[in-house]
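Engineer: Quick check, what structure comes out for this input:
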Amino acid sequence: MQQHFLTGDRVRLTRFQEGDVDQHLEWYDDSEFARMMSAMPMRPASREKTKKWFEEESPNSFVFAVRSLDDDMLLGIVSLEDILWPHGTSWLAIGMDPMRAGQGYGKEALKLLIRYGFHELNLSRIQLTVFDYNVRGRRLYESLGFVHEGTYRKFLKREGERYDMLLYGLLLEEWEAHHG
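Structural biologist: Okay, the predicted model is just below:
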């Protein structure tokens, strides 16, 4: 049995620390970050709401800070949420520091989280939605074995344009076939 199963080569998944709230609020001040994370109109997140989300311990949600092994810096947030235990299903979310985008930290963090979901929480399906304009996110999910299962057509309107929201799913047997 692997002793540190929430630790990868460059990142580890941990609990949140006090300073993480301020860092997360800075990310939400970046409109591109906010628009990738939510269909709601972009607005600054409140300190109180963010702190409550970080501190909440729900039996149906597992939210982790993504930290660098080099300097323990907060790189992002990953979560498995709204778990339906009788069915073994969960929604996945990720939000990474916009300054660290494209460096592979998110992929490594998601591998750890997915393995945790399937092997520790005994899930059988992990799903997510992504806006069609988030090409980098779509590539990431597909590289991990997620399958495009459906499209919420013209779901979102931003700056006068309509965008689809895509549903992706990953089954335990697909993950194991893809990542052994």
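
Engineer: residues contacting the residue sitting furthest away from the middle of the chain?
Structural biologist: Taking CA atoms, centre = their mean, the residue of the chain most remote from its mean C-alpha position is G160, at 27.3 Å. By CB atoms under 8 Å, 6 or more residues apart in numbering, no residues touch G160. (C-beta placed from N, C-alpha, C; glycine too.)

Engineer: Tell me the confidence at it?
Structural biologist: Looking at G160, its pLDDT reads 92.

Engineer: Same question for the one 3 residues further on.
Structural biologist: Taken from the predicted model, the pLDDT recorded for Y163 is 95.

Engineer: Now do the buried residues in the helix or strand encompassing it.
Structural biologist: According to DSSP states H and E, Y163 maps onto strand 161-171. When burial is assessed from 16 or more other CB atoms under 10 Å, strand 161-171 yields the following buried residues: Y163, M165, L166, Y168, G169, L170, L171.

Engineer: Would you check which pair of these lies furthest apart?
Structural biologist: Y163 and L171 (26.7 Å; CB to CB).

Engineer: returning to what we had before: would you list the strands that the strand holding Y163 pairs with, along with their directions?
Structural biologist: Strand 161-171 has the following sheet partners, assigned by DSSP bridges: strand 125-131 (antiparallel), strand 147-158 (antiparallel).

Engineer: List the buried residues in the helix or strand following it.
Structural biologist: Next helix or strand after strand 161-171 toward the C-terminus (DSSP H and E): helix 172-179. Within helix 172-179, the residues that qualify as buried are L172, E174, W175, counting by 16+ other CB under 10 Å.

Engineer: Quickly note the distance from the second one to G145.
Structural biologist: With distances taken as CB to CB, to the nearest Å, E174 is found 5 Å from G145.

Engineer: With the last one instead?
Structural biologist: The span separating W175 from G145 equals 6 Å under the rule CB to CB.

Engineer: Stretch 163-177: how far from the chain's middle?
Structural biologist: Taking CA atoms, centre = their mean, to the nearest Å, the mean C-alpha location of stretch 163-177 is offset from the chain mean by 13 Å.

Engineer: Using PDB, list the CA coordinates for it.
Structural biologist: The C-alpha coordinates for stretch 163-177 follow below in PDB (Å, rounded to 0.1, in the frame of the first residue of the first chain):
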ATOM      1  CA  TYR A 163     -21.400  28.800 -25.700                       C
ATOM      2  CA  ASP A 164     -22.000  25.100 -25.000                       C
ATOM      3  CA  MET A 165     -21.300  23.400 -21.700                       C
ATOM      4  CA  LEU A 166     -19.900  19.900 -22.200                       C
ATOM      5  CA  LEU A 167     -20.500  16.900 -19.900                       C
ATOM      6  CA  TYR A 168     -17.600  14.500 -19.400                       C
ATOM      7  CA  GLY A 169     -17.500  11.300 -17.400                       C
ATOM      8  CA  LEU A 170     -14.900   8.800 -16.300                       C
ATOM      9  CA  LEU A 171     -15.700   5.200 -15.100                       C
ATOM     10  CA  LEU A 172     -13.500   3.200 -12.800                       C
ATOM     11  CA  GLU A 173     -12.800   0.600 -15.400                       C
ATOM     12  CA  GLU A 174     -11.800   3.200 -17.900                       C
ATOM     13  CA  TRP A 175      -9.400   4.800 -15.400                       C
ATOM     14  CA  GLU A 176      -7.800   1.500 -14.600                       C
ATOM     15  CA  ALA A 177      -7.500   0.600 -18.200                       C
END
